[in-house]
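K.L.:
A structural model of the following input is requested.
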Amino acid sequence: MSDTVTGATVHARSRQGVAPWWWPALVMFTVGYGANQFVPLLAVYRRTLGLSDAQATAIFGVYALGLIPGLLLAGPASDRYGRRPLMLAFAALSLLATGVLITGQWGPTGLYAGRLLTGVVSGGAFSVGTAWVKELSIGAAPGAGARRGALALTAGFAAGPLVGGLLAQWAPGPQLVPYLIHLLLAAAALALLPRAPETVTTRAGSDRDLTPQRRLLASSARTRRFTRVVVPLGPWVFGSVTLVFTTLPAHATGPVAGLTVAFPGVLAAVALAAGIAAQPLAHRLQNAAVTRGTADASAVALAVITAGCLAAAAATASPSVGAATGAAVLLGAGYGMAIICGLREVEHLAPAHELGGLVAIFYSLAYSGLALPYLLALTGPHLGYPAGLLLLALAAALTTLVVTVQGRRHPATPSTPRPNTPPGT
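P.N.:
The predicted structure follows:
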């Protein structure tokens with residue numbers, strides 16, 4: 001199986017300088033930056049390549065096809081072979097993915113390929129990085145690892161579209177210059193990553209102890225708490241905030257004279273800033289919910305997402321910058337709360353030797369929500385975007401009810417080592 005380093009080891013190393021969790025968190029930030037730098041550039045490609053709504057949303061969403069194998073393979077692999085070699089590989093691939101996106105200025109093929117590779121990179125870096133940051137946060141307050149990982153991810157998601165949008169709006173070479181910033185950041189993060197200590201040591205014969213099913217699916221993913229609470233919550237994590245990246249800029253803002261490219265990036269940054277601001281509240285609510293044996297914190301996150309969908313429906317019915325911004329704040333806050341609740345549930349349920357694998361499954365569920373804006377783009381022209389968003393709000397409200405009821409029926413219980421698990425895992 002695997003052994004993790006002790007808290008004493010981590011703290012001894014952190015006293016030598018910057019806390020070691022910063023280095024994988026920096027990679028998560030740069031990968032998140034690279035994933036969302038594309039948001040404002042969609043406006044550029046819509047104009048230069050003549051992309052339709054469905055094409056633009058498909059190029060944005062093909063990212064999810066790369067995510068799933070990246071998540072499901074990298075998380076369990078890092079549980080067995082270590083965090084650092086996997087994270088180094090994905091940090092290097094992040095540079096390649098951005099290089100492929102640069103070729104998209106000559107046709108949509110480069111955009112599809114670049115977004116697909118970006119998805120593979122994101123899946124690997126987010127699952128491995130989240131587990132690594134958690135393990136390097138041993139000795140900190142409960143939930144510190146989840147908060148640090150979510151903060152790094154969300155900050156990268158926010159910075160990418162903000163900086164990319166401003167550069168694409170006013171800098172020369174809008175299909176090149178924004179990507180150069182990410183190349184510099186990713187190269188620096190890759191160079192600094194070896195400073196982080198490995199937290200997993202493999203044992204000879206560990207692969208023989210794992211059945212093919214267990215290698216792919218962590219046993220903790222089959223617990224009732226996970227299937228009845230985390231699974232319904234998961235798709236709304238990114239399904240909510242992705243509406244801010246795709247639907248709101250195209251259908252809810254009204255005229256934004258002189259800011260056609262920059263405003264989508266600003267809107268995304270506002271939403272993700274709201275997500276960061278909401279995370280401390282989510283942390284407190286989640287601690288209280290676990291103590292009471294409920295899923296009330298997840299239900300609150302879903303209720304905020306429901307309100308965000310209603311606000312988005314109103315904004316698409318009467319487009320304006322103010323209405324779109326209000327909807328973005330609610331959807332972003334709901335995302336920020338939902339990702340904290342989900343990651344804290346995962347930390348609570350997963351034994352150490354399954355942490356990477358269960359994180360990967362959670363992110364797979366979260367990213368399945370990218371299908372929601374794509375379905376909206378397909379049905380919106382027929383139903384109307386306000387009606388489509390009202391249906392999403394109804395679905396979110398029903399999910400809130402399901403999670404509330406199921407959370408009380410299946411209260412959280414701390415993870416325990418599985419049979420034949422070596423001490424210290």
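
K.L.:
and the helix or strand hosting Ala288, what's its mean pLDDT?
P.N.:
Per DSSP states H and E, Ala288 falls inside helix 262-292. The average pLDDT within helix 262-292 is 89.

K.L.:
Contact partners for the nearest residue to Val321 once chain neighbours are set aside?
P.N.:
Among residues not flanking Val321 along the chain, Thr253 sits closest, at 5.6 Å (Cβ to Cβ, 6 or more residues apart in numbering). Heads up, the C-betas are built off the backbone N, CA and C, glycines and all. Taking Cβ atoms under 8 Å, 6 or more residues apart in numbering, we find Thr253 in contact with Phe263, Leu267, Ala315, Pro319, Ser320, Val321, Ala324.

K.L.:
Just the buried residues from the residues you listed, in ChimeraX please.
P.N.:
Restricted to buried positions by 16 or more other Cβ atoms under 10 Å, the ChimeraX selection for the contacts of Thr253 reads:
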select :263,267,315,319,321,324
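
K.L.:
Looking at the contacts of Thr253, which are in helices?
P.N.:
Those of the contacts of Thr253 mapping onto helices are Phe263, Leu267, Ala315, Val321, Ala324, per DSSP state H.

K.L.:
circling back: format the contacts of Thr253 as CSV; extra columns: distance to Thr246.
P.N.:
Formatted as CSV, the contacts of Thr253 follow (distance: Cβ to Cβ, whole Å):
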residue, distance to Thr246
Phe263, 14
Leu267, 11
Ala315, 14
Pro319, 15
Ser320, 18
Val321, 17
Ala324, 12
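
K.L.:
Show me which pair in the contacts of Thr253 is furthest apart.
P.N.:
Within these, Phe263 and Ala315 form the most distant pair, 13.6 Å apart (Cβ to Cβ).

K.L.:
any idea whether Thr201 is helix, strand or coil?
P.N.:
Secondary structure state of Thr201, per DSSP: H, G, I helix; E, B strand; the rest coil, is strand.

K.L.:
Beta-bridge partners for it, please?
P.N.:
Asp3 (DSSP bridges).

K.L.:
ok, how many other residues are close to it?
P.N.:
A total of 11 residues lie near Thr201 under the criterion other Cβ atoms under 10 Å.

K.L.:
Same question for Ala91.
P.N.:
26.

K.L.:
ok, it - contacts?
P.N.:
Per Cβ under 8 Å, 6+ apart, neighbours of Ala91: Val27, Thr30, Val31, Ala125, Ala186, Ala189, Leu190, Leu193.

K.L.:
could those be laid out in CSV, adding distance to Gly114 and secondary structure?
P.N.:
Below are the contacts of Ala91 laid out as CSV (distance: Cβ to Cβ, whole Å; DSSP: H, G, I helix; E, B strand; the rest coil):
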residue, distance to Gly114, secondary structure
Val27, 19, helix
Thr30, 16, helix
Val31, 14, helix
Ala125, 16, helix
Ala186, 14, helix
Ala189, 19, helix
Leu190, 18, helix
Leu193, 22, helix
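
K.L.:
Pipe these into TSV and attach distance to Leu372 per row.
P.N.:
Listed next are the contacts of Ala91 as TSV, based on distance: Cβ to Cβ, whole Å:
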residue	distance to Leu372
Val27	28
Thr30	27
Val31	23
Ala125	23
Ala186	29
Ala189	30
Leu190	33
Leu193	33
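
K.L.:
follow-up on the earlier one: report all helices and strands that the helix holding Ala288 contacts.
P.N.:
helix 38-49, helix 144-170, helix 231-251, helix 296-317, helix 321-349 (3 or more Cβ pairs under 8 Å, 6 or more residues apart in numbering; DSSP states H and E).

K.L.:
Just the buried residues of the longest one, please?
P.N.:
When burial is assessed from 16+ other Cβ under 10 Å, helix 321-349 yields the following buried residues: 321, 323-349.

K.L.:
This completes my enquiry, with thanks.
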